[in-house]
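Enquirer: Have a look at this fold, sequence not included:
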C-alpha cells in the first residue's frame, strides 16, 4: 500500500518568530522618530520657516501703514497749498464790482461809471488771453486798479470803444468845472513888471530885490508863484542853456527844485515838499505792486508834530537821457497813479496831486475818488521849466497854468473835511492790483518801437 505523500504545508514563519527579533528595533525607531518630532516641535527656530516668514512680515505691516499715512499727509499738504495759492490769487486780483446805482458818475445822461466798468471787464478778458506791455497799455494797467486816466490829447483806442470822444470831452469839462480848474488869469500888470525885471540880465541881486517890492500887488497864490519861485530861478539858472548832459540829480537841484518847492511847501500849515529817499506809507501798503515798491522821487507830506503823517502829493523824475524810454516813462506814470490811489485809501483823503517831470517838461495830475469804484486821474497842467535866464521870460507866460495847480492842490487835496466824506471813501474804494498779478499780465520785454500814445510832449 503505497503511502500517499503528505502535501507539504508551506512553511510559514510565524510572525512571532520571524518579526519578533526586529520588533523591538522598529519600536525603538518609531519611538526615536516620535521623540525627534517632539524635539523638533519643542525647538521652533530650526523647524518653522513659514513662521519665520510670518515673523519677518510682522514689522512690514506697520511700515506700510506708516508710508500710507505719510502719503495722506503729503496729499493734504498739497491740497492746503493749492487752497492757499487760490486765496492769494484772489487777493492779488481785484474783483470787479458793479458800481452801485445810487453812486454813479453821470455826465450829460451818460453813465461814466458803467462805461468804465465795461472797459474794466474788457481789460480783464484781455489779460486772461494775452500779456500787455507798459508802453502801449497804460490805461489798461491803471484800470485794473480802478483808475481812469484822462489826458486831453492822449486817447486810448480800446477805451474809445466804450467812451466816445464827445463823452470823454464832456467828462473832462465837467471835472474841470467841478474842481474849478478852468484856466486862470495871472495879474497882467504884475506879470509885465516881472518880465521887465527878468529881462535885466546880469543884475540878479537887484532883480530879486525888485521882485520883493511886488508883494503888495500879488494875491496869496500869486505870491507863491512870483516871489519864491522866480527869485530862486534868478539866482540858480545859467545865462544860456548848458550843452553838457544833465543827470537826474543836477536836473532836480538846479532846475526843478526852484520851480516846484515854492509851489507846495507851506510849513505854516505843516505841509513840506521834499525830495524823497525813503519809502512812504503808501509804498509800504500791502496792496502795493512791484512798480510801487521803490519810493517816489518827490513827496508832499503833511506833518503831525515832528513826524511825517500823510502824503498829499507825489513826483517822478526822468532825466533827458531817459526821456525816450517809453517803458520807463509809462511805468512812472502808472506808479504815480498807484501811489495816489493808495494815499486816498490809506489816509481817507479827498484828493492827491502828482507830477511827472521828464527833462524840463512837467505834467501835473490830480486824482479824486468821484463815485463808487471810480478813481479819476486828470491832467491839469503842463509846463516847461526854464533851463536858462533866456527861457525864464517864456516861463512867465505859464503862470496862469501854475496858478491852477497851486489852487487845485490847496483846495482839492488833503484830508476829507467831514466824517461823512471819510466814510464815503471807505465805501467807494476798490482793491489795488498786487505784484504777482502784474508779473503775470505784463510782458517782461521792452521796446521803443511799440506804440505809446501818452508820450506826446516829448
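Expert: Good, I have the coordinates. From a predicted model like this one, the values you see are computed outputs, not experimental measurements.

Enquirer: And the strands in the stretch 351-458 of the chain?
Expert: Ranges of strands within the stretch 351-458 of the chain are 361-371, 374-384, 414-415, based on DSSP state E, counting those that start in this stretch.

Enquirer: Same check on the chain?
Expert: For the chain, the strands defined by DSSP state E occupy 106-107, 110-111, 147-150, 271-275, 298-304, 307-318, 349-358, 361-371, 374-384, 414-415.

Enquirer: among the ones you listed, which is the most enclosed?
Expert: Among the strands of the chain, ranked by average contacts under mean count of other CB atoms under 10 Å, first place goes to strand 349-358 (a mean of 25). Quick note: C-beta positions are derived from backbone N, CA and C, even for glycine.

Enquirer: Neighbouring strands - and their directions - for that strand?
Expert: Sheet pairing of strand 349-358 (DSSP bridges) gives strand 307-318 (parallel), strand 361-371 (antiparallel), strand 414-415 (antiparallel).

Enquirer: a markdown table please, covering these and showing distance to residue 380.
Expert: Compiled in a markdown table, the strands paired with strand 349-358 are given as follows (distance: least, CB to CB, whole Å):
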| stretch | distance to residue 380 |
| --- | --- |
| strand 307-318 | 12 |
| strand 361-371 | 5 |
| strand 414-415 | 16 |
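
Enquirer: residue ranges with poor pLDDT in the stretch 351-458 of the chain?
Expert: The stretch 351-458 of the chain contains residues with pLDDT under 70 at 453-458.

Enquirer: For residue 339, grab the count of nearby residues.
Expert: Number of residues near residue 339 (other CB atoms under 10 Å) recorded here: 28.

Enquirer: Skipping its backbone neighbours, what lies nearest it in space?
Expert: In space, and not counting its chain neighbours, residue 339 is closest to residue 314: 4.5 Å by CB to CB, 6 or more residues apart in numbering.

Enquirer: Look up which residues are beta-bridged to the one you found.
Expert: Beta-bridge partners of residue 314, as defined by DSSP bridges: residue 299, residue 354.

Enquirer: Wait, it touches residue 354, no?
Expert: Yes. At 4.6 Å, residue 314 and residue 354 qualify as touching, with contact defined as CB atoms under 8 Å.

Enquirer: that older thread, including distance to residue 162, could the strands of the chain go into TSV?
Expert: TSV is the format used below for those (distance: least, CB to CB, whole Å):
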stretch	distance to residue 162
strand 106-107	14
strand 110-111	11
strand 147-150	11
strand 271-275	37
strand 298-304	33
strand 307-318	28
strand 349-358	25
strand 361-371	16
strand 374-384	13
strand 414-415	32
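
Enquirer: Select, out of these, the one closest to residue 174.
Expert: strand 106-107 (5.2 Å; CB to CB).

Enquirer: circling back: residues in contact with both of residue 314 and residue 354, list them for me.
Expert: Among the neighbours of residue 314, those also in contact with residue 354 (CB atoms under 8 Å, 6 or more residues apart in numbering) are 336, 339, 340.

Enquirer: Looking at those, which are in helices?
Expert: 336, 339, 340 (DSSP state H).

Enquirer: got a list of what residue 163 touches?
Expert: Going by CB under 8 Å, 6+ apart, residue 163 touches 112, 115, 116, 119, 171.

Enquirer: which one of these is nearest residue 321?
Expert: Once CB to CB is applied, the member of the contacts of residue 163 that ends up nearest residue 321 is residue 119, at 34.8 Å.

Enquirer: per-residue confidence for the closest one?
Expert: Reported pLDDT at residue 119 in the predicted model: 96.

Enquirer: Likewise for residue 114?
Expert: pLDDT, residue 114: 97.

Enquirer: isn't it right next to residue 104, touching?
Expert: Yes. At 6.7 Å, residue 114 counts as touching residue 104 under the criterion of CB under 8 Å.

Enquirer: more neighbours, these two?
Expert: Between residue 114 and residue 104, residue 104 has the larger neighbour count (other CB under 10 Å), namely 20 against 16.

Enquirer: Which residue is the nearest non-sequential neighbour of the more buried one?
Expert: residue 113 is the one closest to residue 104 (CB to CB, 6+ apart), at 3.8 Å.

Enquirer: domain ranges for this protein?
Expert: According to automatic domain parsing, the chain comprises the domains 106-177, 178-434.

Enquirer: would you turn the ones you listed into TSV with distance to residue 81?
Expert: Shown next, in TSV, are these (distance: least, CB to CB, whole Å):
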stretch	distance to residue 81
domain 106-177	23
domain 178-434	19
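
Enquirer: which one of those lies closest to residue 68?
Expert: Nearest to residue 68, of all those, is domain 178-434, at 39.2 Å by CB to CB.

Enquirer: I'm done for today, thanks for sticking with me.
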